[in-house]
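[1] sequence and predicted structure are below.
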Amino acid sequence: MVTYDAKRIQSIGRILVLASIIIWFYRQDLMSLNVIIALNFIMKFIINLVAKTSLFTKKEADVSIVSFKRKAKIFSLLISIFMAVIILSATAFLTMSDQVGGDVGAYDSPNYYDGKFNNVRPTDVETGSFMGVLLDYMVGNADRSPGETVPTQPYQQADVEEDAVRVTWFGHSTILIETHDTTLIFDPVFGSDNLNPLVFGPAPFDYEHTYQVNQLPDIDYVFISHDHYDHLDMTTIQSLDESMFFVPLGVDEHLKVWDISSNQIMSFDWYDEANITEDFHVALTPSQHFSGRGLNRDAALWGSWVVEIEGHSIYFSGDSGYSEEFMEINERYGPFDIAICEAGQYNEAWDQIHMYPEQAVQAAIDLNATTMLPIHNTKYILALHEWDDPLERVYQEGKRTNQHVSTPMIGESFILGEPMEDNPWWREVAKHNPWFLKTSAIVGWLLPLLFLAGIGMIVHERFLPQSEEE
């Protein structure tokens, strides 16, 4: 004979309700809310575990009594401990870690006023509300990262003919430029570790091939666009300690802390120029962005680079929002054989400091560039768009505007000015294949039924006395 067990029925009902909510969140790309649910259960487990001790009890007999007031005290204690660990860790990092870099002082520059560097035109770093951006990030999207290992090409050293320029992209914003006797690298960040300084993310995508400084030819000159962690990596910089560094004002203070000699560093303000050799000229040009590695934002300058080498003109944007300054740069230094432009990690909340793909193509047009190479993508999740959205949109916009776009695979080298195969390689990378729970129409129909059934099982006792009386 089956006995009636109201508590078991209610427990099953709670499981059905919770399962239907979790699956619905999964189907709606709200996995962040599922993480919150999981954290809630972990917190409840810890609270119940701590409640078995004598903490916050006056008498030994009170250990068995887990009142709401006692649970609230335990919860407050756990949150306080968590916040203390976060604050102490952040404080220790900002005050003790060499990763943060040096202390940047004031500068005699027309771009430095109000105690910081400023863009050519007033710029809002973030135009959206904090809560709006936070809610956007709560909506997960599996396609922010590739569904498989990103196909790449192995980097292979090769002799470069005189008057030729060889270009290689290593993902995100790391660009290698080679001539027959000179090697340059822009914003070098290598390694498979999570993006410093946060050990918990974001992690780089899984590449088919790995790249390290020791695989490259000797680097003569290193160009840095600004001091954000995804463009300036301490470990990589220290592995290039025999190179010459070209940096915006203030970035040199970071390099000195990392044991780079001041004799190896040249600092530039916007539109400062240097003739390195008869055939090699460089200039720092404005970008519309910001800087900061610690608590002091905009203490160091940011910028883009113009390089003239072996009769070729190269533009490297660093990070930048779209502005009229691209036309000014073209008037001073254009036309360009290649414009290496940021196209990735964009969002409407920071559209003044990062370009949409279509704006990146327009920037190349403003610069009068023969070809455009999109960078700042295909390595980290730093924004909300799908991982291949920048490449696809730049590719399509290039065709629409008749602006030539180069889309080499990561690690693939090409000679500037030579015909390059039209290769939308990212289309061959598999998308995430979600579970049937996400895509099945049957599951979609069953979810509300399971939810209602669970609610009914939870509250069914309320109707039992009435039923018995009837």
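    In hand now; what should we look at?
[2] show me where pLDDT drops low in the stretch 351-470 of the chain?
    Residues of the stretch 351-470 of the chain that meet the criterion pLDDT under 70 lie in 431-433, 464-470.
[3] again with the stretch 101-250 of the chain
    Within the stretch 101-250 of the chain, the ranges that satisfy pLDDT under 70 run 127-142, 194-201.
[4] quick one: the strands in it?
    For the stretch 101-250 of the chain, strands defined by DSSP state E, counting those that start in this stretch occupy the ranges 112-113, 116-117, 166-169, 175-178, 183-186, 221-223, 244-248.
[5] between the ones you listed, which one is nearest to Ile36?
    For the strands of the stretch 101-250 of the chain, proximity to Ile36 was assessed by CB to CB; strand 116-117 is nearest, at 36.6 Å. To be clear about C-beta, it is placed using only N, CA and C from the backbone, and glycine gets the same treatment.
[6] buried sites along stretch 74-87?
    Judged by neighbour count (16 or more other CB atoms under 10 Å), stretch 74-87 contains these buried residues: Ile74.
[7] same question, stretch 246-261
    Phe246, Val247, Pro248, Leu249, Gly250, Val251, Asp252, Glu253, His254, Leu255, Trp258, Ile260.
[8] and the contacts of it?
    Applying CB atoms under 8 Å, 6 or more residues apart in numbering, the contact partners of stretch 246-261 are 98, 101-105, 107, 109, 112, 117, 221-227, 232, 234, 237-238, 241, 245, 262, 265-269, 274, 282, 284, 291, 293, 299-303, 305.
[9] hmm, back to that, the buried residues of stretch 246-261: which two are farthest apart?
    Of all the pairs that these form, the one spanning the most space (CB to CB) is Leu249 and Trp258, at 17.3 Å.
[10] from Leu184, how far out is Ser304?
    Distance, Ser304 to Leu184, by CB to CB, to the nearest Å: 15 Å.
[11] and of the buried residues of stretch 246-261, the nearest to Thr123?
    Using CB to CB, Pro248 comes nearest to Thr123 of the buried residues of stretch 246-261, at 16.2 Å.
[12] so that closest one bridges to which residues?
    Phe268 (DSSP bridges).
[13] contacts only, for the closest residue in space to Gln10 that isn't next to it in sequence.
    Closest residue to Gln10 apart from its sequence neighbours, by CB to CB, 6 or more residues apart in numbering: Ile458 at 5.3 Å. Contacts of Ile458 were listed using CB under 8 Å, 6+ apart, and they are Gln10, Gly13, Arg14, Val17.
[14] what comes up buried for whichever strand or helix holds Ile458?
    Assigned by DSSP states H and E, Ile458 belongs to helix 441-459. Under the neighbour-count criterion of 16+ other CB under 10 Å, helix 441-459 has Val443, Leu447, Leu450, Phe451, Ala453, Gly454, Met457, Ile458 buried.
[15] among those residues, which one lies nearest to Asn34?
    Set against Asn34, the nearest of the buried residues of helix 441-459 by CB to CB is Leu447 (14.4 Å).
[16] got the contact list for that closest one?
    Ser20, Ile23, Trp24, Arg27.
[17] double-check Met372 against Cys341; I have them as touching.
    Yes - shown here, Met372 and Cys341 form a contact pair, counting by CB atoms under 8 Å, at 5.8 Å.
[18] who touches both of these two?
    The contact sets of Met372 and Cys341 overlap at Ala360, Val361, Ala364 (CB under 8 Å, 6+ apart).
[19] so the second one sits in a helix?
    Yes - counting by DSSP: H, G, I helix; E, B strand; the rest coil, Val361 is part of a helix.
[20] and the gap between it and Asn330?
    Going from Val361 to Asn330 by CB to CB gives 15 Å.
[21] could you do the last one as well?
    Remark: distance between Ala364 and Asn330 (CB to CB) = 10 Å.
[22] these two: who's more crowded?
    Ranked by neighbour count (other CB atoms under 10 Å), Ala364 and Asn330 place Ala364 first, with 31 against 19.
[23] before I go, just wanted to say thanks for your time.
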